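K.L.:
Sequence plus predicted model, see below.
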Amino acid sequence: MSNVEILSILLAVALAAFLLFILTRLKYAVRLAATDSLSVQLGRQLSEKANELNSVRSQLTNETALRTMAETKLAEEQRSLLRQKQILEEAESKLRSVFEGLAGSVLSANSAKFLDLANATLKGGAVRDLQGLVKPIEEMLNVYKSK
């Protein structure tokens with residue numbers, strides 16, 4: 001083999017190596033560009049998700065505050081209802097006592113007046129008959145008074 005042939009072969013090998021180098025470099029440049037594009041897209045998505053997360057956290061904070069206020073108001077309303085119930089029960093008890101006292105005194109007064117009137121107007125057997133009728137009323141009155 002002559003020097004020219006060897007030189008031609010070396011030149012061909014060098015040219016092939018150079019072309020291989022250029023093709024490999026282009027291939028990696030395309031991959032790098034794709035990777036950079038993907039990195040930018042992922043960065044945007046990450047930013048959007050972070051904004052979305054912050055928005056959800058803000059909503060959660062607001063909802064938690066609203067819930068706390070609602071629970072506080074509910075507790076206050078429950079205490080108010082309990083106080084109103086106690087006041088109503090006290091008023092009912094007082095009214096019952098007053099009514100029982102008034103009813104008892106009216107019944108006593110009416111019974112006494114009735115008996116006085118019966119004694120004054122009726123004599124003899126009619127009085128005994130009337131007392132027999134009044135006695136059950138008096139007994140009921142005494143039972144009522146004892147309650």
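P.N.:
Structure received. Note that this is a predicted model, so its numbers are computed, not measured.
K.L.:
Neighbours of residue 137, how many?
P.N.:
Residue 137 has 14 neighbours, counted by other Cβ atoms under 10 Å. All C-beta atoms are positioned from the backbone trio N, CA, C, and that covers glycine.
K.L.:
okay, it: pLDDT?
P.N.:
For residue 137, the pLDDT comes out at 82.
K.L.:
again with the one 3 residues further on
P.N.:
Reported pLDDT at residue 140 in the predicted model: 83.
K.L.:
swap in residue 125?
P.N.:
60.
K.L.:
host element of the closest residue to residue 145 other than its chain neighbours?
P.N.:
Spatially, and ignoring its direct neighbours in sequence, residue 145 is nearest to residue 104 (5.5 Å; Cβ to Cβ, 6 or more residues apart in numbering). Using DSSP states H and E, the element containing residue 104 is helix 3-121.
K.L.:
Next up, the contacts around residue 33.
P.N.:
By Cβ atoms under 8 Å, 6 or more residues apart in numbering, no residues touch residue 33.
K.L.:
mind checking how far the residue nearest the centre of the chain is from residue 64?
P.N.:
Closest to where the C-alpha atoms of the chain average out (Cα atoms, centre = their mean) is residue 71, at 6.0 Å. Here residue 71 is placed at a distance of 11 Å from residue 64 (Cβ to Cβ, to the nearest Å).
K.L.:
same question, residue 41
P.N.:
Residue 41 is 34 Å from residue 64, by Cβ to Cβ.
K.L.:
same deal with residue 84?
P.N.:
30 Å.
K.L.:
Ok, residue 117 next?
P.N.:
Residue 117 is 78 Å from residue 64, by Cβ to Cβ.
K.L.:
Likewise for residue 34?
P.N.:
44 Å.
K.L.:
Over to residue 91?
P.N.:
Distance of residue 91 to residue 64, given as Cβ to Cβ: 41 Å.
K.L.:
what does residue 3 give?
P.N.:
Distance, residue 3 to residue 64, by Cβ to Cβ: 88 Å.
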